[in-house]
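J.: when you get a sec, could you give me coordinates for this:
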Amino acid sequence: MTAQSPTTATAQPFPWIGLVTLAGAIFVSVTSEFLPTGLLPDMARDLDVSLSTAGLLVTIFAGTVVIATTPLAALTRNYSRKFLVVIVLLVIALANVLAAIAPSYEILVGARILGGLAHGLFWAVVAAYSAHLVPREQLGRAVAITSGGASAAFVLGVPVGTALGHALGWRAAFGIIAMVVVLLTLAVMKFLPAVNHHVPLRTGEIPLPLRKDRSLRGVIIVCMVILIMVTGQNVFYTYIAPWLIDVAQFPSTSIAVILFLYGGAGVIGLVLAGFAADRFPKRGFGFAVLGVMVAIMVLAVASQNPVVVVAAFVVWGASFGGLPAMLQTRMLRTASFRMRDLAAALQTTAFNVGIGGGALLGGVLLDEAGIRSLPPVAIAFVGVGLALSVAADVARAASARRARPVTA
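T.: Modelled structure (predicted):
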């Protein structure tokens, strides 16, 4: 099945199989990206490096994505989207194998760079894939389904990987995820529909450069919101395992269970986001962001109460779980059809600047101010992102009112 234009796609049945397959591919890619999060203490011990140095594995991965995504997307813009998904998944599998057998921290860094290259191109392709499969009015639903892969990574992938890492060693966890990636690649080859991502020109039409596209300004604003909010999230979340152990006094064996609860709550948040994104996107987004801020604040002030910590962690997971899907839906609705692939690449870059920048800033704060400094900084960043989003909505509404014709 090939992609239809927005006016003809409504005649097609809802592509459940294709979207679920895409969600599976996202599951393995996100699991690979965040697998070190739950294993940082183990990896730091085995490689004889500090926690903040081990945390750089997240920053380096994300930094590679930031640098490489847009150039790789431009170089491969004429290639089949499905072909690229298959290729990058195989490279992700290879990167995980290399990580599993890396004899030193430096070799592990190289494996993470390779994985980051593949991950960046993967997201540049898949972030817009669902928009090629469904009409505009079904975008929220489709993005929620594919984003379920990311939520499943936090529910199952990262917690199970963490548990396997504690039981069998962190290297075994990377090896096992490599095998799972290969299996999902076979599923993609069989079940993911191919799409036509090229924009046909009408007779006599001259293609304008993308920098003159009217939707570019809105795309950049959404990217700024993503960057700020994801930075805030990862300032704290990257170092959640040592925070739970050192500050909240949880045993290391309980970390996988807590991460599982976080991911499970994220699924609930994602389901709610799928409902909100197509019905009341602005209010739903605002409530979710406020939920993240309140949950992190509670964690900061009640860290000695294990029941409150777990409850706040669940609220954090539920609130943040739907935010990436809502932001992606907003991006796809903001970008014109011809801008979607570039918007997807810019969105991927923004997410990973936030992930890597958050991990880097968190590591600096960890060394200079201590681990208790992370929650308030996270809250501040997320709050600024919400303020920017609200300001952009107000400005857009005012512009629309000014452009409305005056009737007698």
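
J.: ok, Ser32 - contacts?
T.: Ser32 sits next to Ile92, Ala95, Asn96, Gly115, His119, Ile177, Val181 when contact means Cβ atoms under 8 Å, 6 or more residues apart in numbering. All C-beta spots, glycine's among them, are computed from the backbone N, C-alpha and C.

J.: list just the nearest of those residues to Leu261.
T.: Ile177 (21.0 Å; Cβ to Cβ).

J.: is the closest one in a helix, a strand, or coil?
T.: helix (DSSP: H, G, I helix; E, B strand; the rest coil).

J.: what about it, neighbour count?
T.: Other residues within reach of Ile177, judged by other Cβ atoms under 10 Å, total 24.

J.: and it, how far from Ser252?
T.: Computed with Cβ to Cβ, to the nearest Å, the distance linking Ile177 and Ser252 is 21 Å.

J.: pull out the buried positions in stretch 153-166.
T.: Using 16 or more other Cβ atoms under 10 Å as the test for burial, stretch 153-166 gives 153-166.

J.: same deal with stretch 99-110?
T.: Ala99, Ala100, Ala102, Tyr105, Leu108, Val109.

J.: likewise stretch 175-193?
T.: Gly175, Ile176, Ile177, Ala178, Val180, Val181, Val182, Leu184, Thr185, Val188, Leu192, Pro193.

J.: next: stretch 356-369.
T.: Quick answer for stretch 356-369 (16+ other Cβ under 10 Å): Gly356, Gly357, Gly358, Ala359, Leu360, Leu361, Gly362, Gly363, Leu365, Leu366.

J.: report the mean confidence score over it.
T.: Taken as a whole, stretch 356-369 has an average pLDDT of 88.

J.: likewise stretch 13-32?
T.: For stretch 13-32, the per-residue pLDDT averages 87.

J.: now it - C-alpha only, PDB.
T.: Output of stretch 13-32 as PDB, limited to C-alpha atoms (Å, rounded to 0.1, in the frame of the first residue of the first chain):
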ATOM      1  CA  PRO A  13      -9.000   1.500   6.000                       C
ATOM      2  CA  PHE A  14      -7.200   2.500   9.100                       C
ATOM      3  CA  PRO A  15      -3.700   0.900   8.800                       C
ATOM      4  CA  TRP A  16      -3.600  -0.900  12.100                       C
ATOM      5  CA  ILE A  17      -1.000  -3.500  11.100                       C
ATOM      6  CA  GLY A  18       1.400  -1.000   9.600                       C
ATOM      7  CA  LEU A  19       1.100   1.400  12.600                       C
ATOM      8  CA  VAL A  20       1.600  -1.500  15.100                       C
ATOM      9  CA  THR A  21       4.700  -2.700  13.200                       C
ATOM     10  CA  LEU A  22       6.000   0.800  13.200                       C
ATOM     11  CA  ALA A  23       5.400   0.900  17.000                       C
ATOM     12  CA  GLY A  24       7.500  -2.300  17.300                       C
ATOM     13  CA  ALA A  25      10.400  -0.700  15.500                       C
ATOM     14  CA  ILE A  26      10.200   2.400  17.700                       C
ATOM     15  CA  PHE A  27      10.100   0.100  20.800                       C
ATOM     16  CA  VAL A  28      13.500  -1.500  20.000                       C
ATOM     17  CA  SER A  29      15.100   1.800  18.900                       C
ATOM     18  CA  VAL A  30      14.000   3.600  22.100                       C
ATOM     19  CA  THR A  31      15.000   0.700  24.300                       C
ATOM     20  CA  SER A  32      18.500   0.700  22.700                       C
END
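
J.: tell me where the stretch 101-250 of the chain has helices.
T.: Counting by DSSP state H, counting those that start in this stretch, one finds helices in the stretch 101-250 of the chain at the ranges 105-126, 129-133, 139-152, 158-168, 170-191, 216-237, 240-246.

J.: using JSON lines, lay out these together with mean pLDDT and distance to Gly55.
T.: What follows is the helices of the stretch 101-250 of the chain, written out as JSON lines (pLDDT from 0 to 100; distance: least, Cβ to Cβ, whole Å):
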{"stretch": "helix 105-126", "mean pLDDT": "91", "distance to Gly55": "12"}
{"stretch": "helix 129-133", "mean pLDDT": "79", "distance to Gly55": "31"}
{"stretch": "helix 139-152", "mean pLDDT": "78", "distance to Gly55": "21"}
{"stretch": "helix 158-168", "mean pLDDT": "86", "distance to Gly55": "15"}
{"stretch": "helix 170-191", "mean pLDDT": "92", "distance to Gly55": "14"}
{"stretch": "helix 216-237", "mean pLDDT": "92", "distance to Gly55": "10"}
{"stretch": "helix 240-246", "mean pLDDT": "89", "distance to Gly55": "9"}
